[in-house]
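Novice: Mind folding the following:
(chains A and B)
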Number of protein chains: 2
Amino acid sequence: MSPDFQTHLSHTVSAVDAELDRLLTTKINVGEIQRPANLIAAMRYGVLNGGKRLRPFLIIEVASLFGASLTETLQCGCALECLHSYSLIHDDLPAMDNDDLRRGKPTVHKAFDEAIAVLAGDALLTVAFDILSSPECHPSADVRCELVSLLSRAAGQGGMIGGQVQDIEAETSTPNADEIRRLQSMKTGALIRFACEAGAILGNAPDKHRAQMVEFGKTIGLAFQLSDDLLDVTSSSAKMGKRVGKDAEQGKGTLVRLYGVEKTRALLNNSLAHAEALLEPFGKKANILRQTAKFVVERSN
Amino acid sequence: MSPDFQTHLSHTVSAVDAELDRLLTTKINVGEIQRPANLIAAMRYGVLNGGKRLRPFLIIEVASLFGASLTETLQCGCALECLHSYSLIHDDLPAMDNDDLRRGKPTVHKAFDEAIAVLAGDALLTVAFDILSSPECHPSADVRCELVSLLSRAAGQGGMIGGQVQDIEAETSTPNADEIRRLQSMKTGALIRFACEAGAILGNAPDKHRAQMVEFGKTIGLAFQLSDDLLDVTSSSAKMGKRVGKDAEQGKGTLVRLYGVEKTRALLNNSLAHAEALLEPFGKKANILRQTAKFVVERSN
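Specialist: Residues are numbered from 1 along each chain as shown, chains lettered A, B, ... in the order given. As a prediction, this is how the structure comes out:
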């Protein structure tokens, strides 16, 4: 990774973590009654956990391509990170993936208990829409409503949650390549695509560029899932900070199982080339996004 | 109950159920990829279950007091009912109240499984914000954003979910009357208050009237919880369609346990008198809301 990319990424991590730290406290907002300390502790534990903040980073970097500043995009980034974190907390539950470890630490239902894990997830999903609908997120209510609508669809029954259901169903069926791609585009891809589209919206990008950013998001979303599947086969628990090898163990249909490691690597490289082609018209300004695509393809955890 | 009230209520039930039936299908919206049939089936099972639709009814009747029509309020009502239904599905989970029965039928995790129950709840919470942010809900994006913000706060960490956490904590502590009132104002009251405030917003009520509707919502919210606690002591499972007597069994702090049945009935009657006083300025126009307050106090299931 280039030092430039590293600087941008760690700057985003600091900014997002500081803002999440400020948002998620027991201090109430107008319209709230009381925030129980234990619930807030579980929410913070699930969010402020050393995450890479890739999704907020994509929002911020895409918006910056069109001239929007960090201040103008940070709230949307935090909303998306709350939503992403909720999905991990619920995915880890005993009734779902039953994972004890996440980023090298006990999962929320292990560190607290199962009821609090369900409720902390629910609260993080809910607060994402509070953050998005607040005037601090964007001065125009039309823009805020569009973001709420897009995120609810990316995260809901026809996006991330729907993909999670298909992923569970895939444990007892044998999905073909198209079905695996679709479920991955829902389970992982939808939020990454949202990040890129939200960045274009916050940067007030023209329609044509917005469509290109959506396509860029789709492309690196697929790449992200492919590299995740590869890492599940080739990496170690120590490096990943979570249980690996579980796809095969759970009989999950992944493209790696269907195609093998070599062909999957080739697909990943194709995705990278496609992502780079989409950034071509933006010249040097898109350097950080280029490196982000490379990072997604080549990441080791 | 007066025939007039019954007619209005059953009209709302029909309209809300028909609209939820239209919204919750496998047909995708713009921005969605695919809605898995099993997920949609679980969502529908959890929502289209003969519910009283009290919360949408409050939105519709309060808005109607200020001249807004059913068409102008139905979407908001459906959003709130989706959110309310998600809270019941998650409350019933084994890690939470562990209930097998809801409105006389197996709970969602019994009829489907636990993973689907978690995800169907998540999806109903998510789709509530999709419905609220859609132009069909209200032509003004400012109004839609305000509704999203209010609902997320009523339902989130400082409202309903926070109240659920306090309710769990109350099983192992001995909350005093103020603490019980506060947790009930969060767990049950917040959504009922939201319904009344949303009705005032959709009816474009002046600030003074909006504040009165918020107070009306707070009052009948408390009354609703008091009558629920009473019914848990005095009713039967057959009548309620769910397990009763569980508050005492779980050692839950309720005002009935603290005050006894008679004093609780007196508190309920005080609430009714306060609710009626708040409706006084609206004269005959508020007859249905008067009967709604009475219904909440005197309901037998």
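
Novice: Could I get the CA-only coordinates of stretch A:127-137 as CSV?
Specialist: Listed next in CSV are the C-alpha coordinates belonging to stretch A:127-137 (Å, rounded to 0.1, in the frame of the first residue of the first chain):
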residue,chain,number,x,y,z
VAL,A,127,-29.4,5.1,15.2
ALA,A,128,-28.0,4.9,11.6
PHE,A,129,-31.3,6.5,10.4
ASP,A,130,-31.3,9.0,13.2
ILE,A,131,-27.8,10.2,12.1
LEU,A,132,-28.8,10.2,8.4
SER,A,133,-32.0,12.2,8.9
SER,A,134,-30.3,14.9,11.0
PRO,A,135,-29.5,18.3,9.4
GLU,A,136,-25.9,17.8,10.4
CYS,A,137,-25.7,15.0,7.8
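
Novice: Which part of the stretch 1-150 of chain A gets nearest to chain B, residue-wise?
Specialist: Nearest residue of the stretch 1-150 of chain A to chain B: residue A:32, at 2.6 Å (C-beta to the nearest C-beta). Where you see a C-beta, it was placed from the backbone N, CA and C, and this is true even at glycine.

Novice: Give me the nearest residue to that residue, chain neighbours excluded.
Specialist: In space, not counting the residues next to it along the chain, residue A:32 is nearest to residue B:158; the distance is 2.6 Å by C-beta to C-beta, 6 or more residues apart in numbering or on different chains.

Novice: show me what contacts the one you found?
Specialist: Residues counted as contacts of residue B:158 (C-beta atoms under 8 Å, 6 or more residues apart in numbering or on different chains) are A:28-29, A:31-35, B:186.

Novice: Now do the SS call for the residue of the stretch 1-150 of chain A closest to chain B.
Specialist: Assigned with DSSP: H, G, I helix; E, B strand; the rest coil, residue A:32 falls in the coil class.

Novice: Run a quick neighbour tally on residue A:208.
Specialist: 9 (other C-beta atoms under 10 Å in any protein chain shown).

Novice: same check, this time on residue A:27
Specialist: Neighbour count of residue A:27, defined by other C-beta under 10 Å: 11.

Novice: now check stretch A:174-183, is it near chain B?
Specialist: Yes. Judged by C-beta under 8 Å from any C-beta of the partner chain, stretch A:174-183 comes into contact with chain B at residue A:182.

Novice: then that stretch to CSV, C-alphas only?
Specialist: Provided in CSV are the C-alpha atoms of stretch A:174-183 (Å, rounded to 0.1, in the frame of the first residue of the first chain):
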residue,chain,number,x,y,z
THR,A,174,-25.9,-26.0,-4.1
PRO,A,175,-26.2,-22.6,-5.6
ASN,A,176,-24.6,-22.1,-9.0
ALA,A,177,-22.2,-19.3,-9.8
ASP,A,178,-24.9,-16.8,-10.7
GLU,A,179,-26.8,-17.4,-7.5
ILE,A,180,-23.6,-17.1,-5.5
ARG,A,181,-22.8,-13.8,-7.2
ARG,A,182,-26.3,-12.5,-6.5
LEU,A,183,-26.3,-13.4,-2.9
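
Novice: For that stretch, buried residues please.
Specialist: Residues of stretch A:174-183 classed as buried: A:175, A:179-183 (neighbour count, 16 or more other C-beta atoms under 10 Å in any protein chain shown).

Novice: same deal with stretch A:42-55?
Specialist: Under 16+ other C-beta under 10 Å, the buried positions of stretch A:42-55 are A:42-47, A:49, A:51, A:53-55.

Novice: What's the end-to-end length of that stretch?
Specialist: One end of stretch A:42-55 sits 21 Å from the other (C-alpha to C-alpha, to the nearest Å).

Novice: which residues sit against it?
Specialist: By C-beta under 8 Å, 6+ apart, stretch A:42-55 touches A:9, A:12-13, A:16-17, A:20-21, A:24, A:77, A:80-82, A:84-86, A:88-89, A:102-103, A:105, A:108, A:111-112, A:116-117, A:119-121, A:123-124, A:127, A:191-192, A:195, A:224, A:292, A:296, B:157.

Novice: what does the stretch 151-300 of chain A put close to chain B?
Specialist: Residues of the stretch 151-300 of chain A lying close to chain B by C-beta under 8 Å from any C-beta are A:151-159, A:161-166, A:168-169, A:182, A:185-186, A:190.

Novice: switch the cut-off to 10 Å
Specialist: Counting by C-beta under 10 Å from any C-beta of the partner chain, the stretch 151-300 of chain A comes close to chain B at A:151-166, A:168-169, A:179, A:182-183, A:185-186, A:189-190, A:193-194, A:197, A:214.

Novice: Among these, name the ones in helices.
Specialist: A:151-155, A:160-166, A:168-169, A:179, A:182-183, A:190, A:193-194, A:197, A:214 (DSSP state H).

Novice: Report the contact partners of residue A:24.
Specialist: A:35, A:40-41, A:43-44, A:46-48, A:78, A:82, A:123-124, A:127, B:157 (C-beta atoms under 10 Å, 6 or more residues apart in numbering or on different chains).

Novice: So which of those sit within helices?
Specialist: A:40-41, A:43-44, A:46-47, A:78, A:82, A:123-124, A:127.

Novice: can you redo those residues as JSON lines with pLDDT?
Specialist: Converted to JSON lines, the ones in helices among the contacts of residue A:24 look like this (pLDDT from 0 to 100):
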{"residue": "A:40", "pLDDT": "98"}
{"residue": "A:41", "pLDDT": "98"}
{"residue": "A:43", "pLDDT": "98"}
{"residue": "A:44", "pLDDT": "98"}
{"residue": "A:46", "pLDDT": "98"}
{"residue": "A:47", "pLDDT": "98"}
{"residue": "A:78", "pLDDT": "98"}
{"residue": "A:82", "pLDDT": "98"}
{"residue": "A:123", "pLDDT": "98"}
{"residue": "A:124", "pLDDT": "98"}
{"residue": "A:127", "pLDDT": "98"}
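
Novice: Against residue B:121, how distant is residue A:23?
Specialist: 24 Å (C-beta to C-beta, to the nearest Å).

Novice: So between those two, which is more surrounded?
Specialist: Neighbour comparison, residue A:23 and residue B:121: the larger count goes to residue B:121, with 31 against 19 (by other C-beta under 10 Å).

Novice: The more buried one touches residue B:84, doesn't it?
Specialist: No. Residue B:121 lies out of contact with residue B:84 (C-beta atoms under 10 Å); the separation is 11.1 Å.

Novice: Find the closest residue to chain B in the stretch 51-200 of chain A.
Specialist: The nearest approach of the stretch 51-200 of chain A to chain B comes at residue A:158, 2.6 Å away (C-beta to the nearest C-beta).

Novice: where does that residue fall, phi/psi-wise?
Specialist: For residue A:158, the backbone dihedrals are phi -100, psi 10 (criterion: degrees, to the nearest 10).

Novice: Kindly provide the distance from the nearest residue to residue A:149 once chain neighbours are set aside to residue B:58.
Specialist: Nearest non-adjacent residue to residue A:149, counting by C-beta to C-beta, 6+ apart: residue B:133, 4.3 Å away. Going from residue B:133 to residue B:58 by C-beta to C-beta gives 21 Å.

Novice: Residue A:270 too?
Specialist: For residue A:270 relative to residue B:58 (C-beta to C-beta), the value is 55 Å.

Novice: Same check on residue A:210?
Specialist: Note on residue A:210: its distance to residue B:58, by C-beta to C-beta, is 40 Å.

Novice: more crowded one of those two?
Specialist: Neighbour count, other C-beta under 10 Å: between residue A:210 and residue B:58, residue B:58 has more, with 30 against 19.

Novice: tell me the SS of that one?
Specialist: Residue B:58 ends up helix, using three-state DSSP.

Novice: my guess is it meets residue B:202, correct?
Specialist: No. Using C-beta under 10 Å as the test, residue B:58 is too far from residue B:202 to be in contact (11.5 Å).

Novice: if I pick the closest residue to chain B within the stretch 201-301 of chain A, what's in contact with it?
Specialist: Per C-beta to the nearest C-beta, residue A:214 is where the stretch 201-301 of chain A lies closest to chain B, at 9.9 Å. Residues in contact with residue A:214, defined by C-beta under 10 Å, 6+ apart, are A:193-194, A:196-197, A:200, A:278, B:31.
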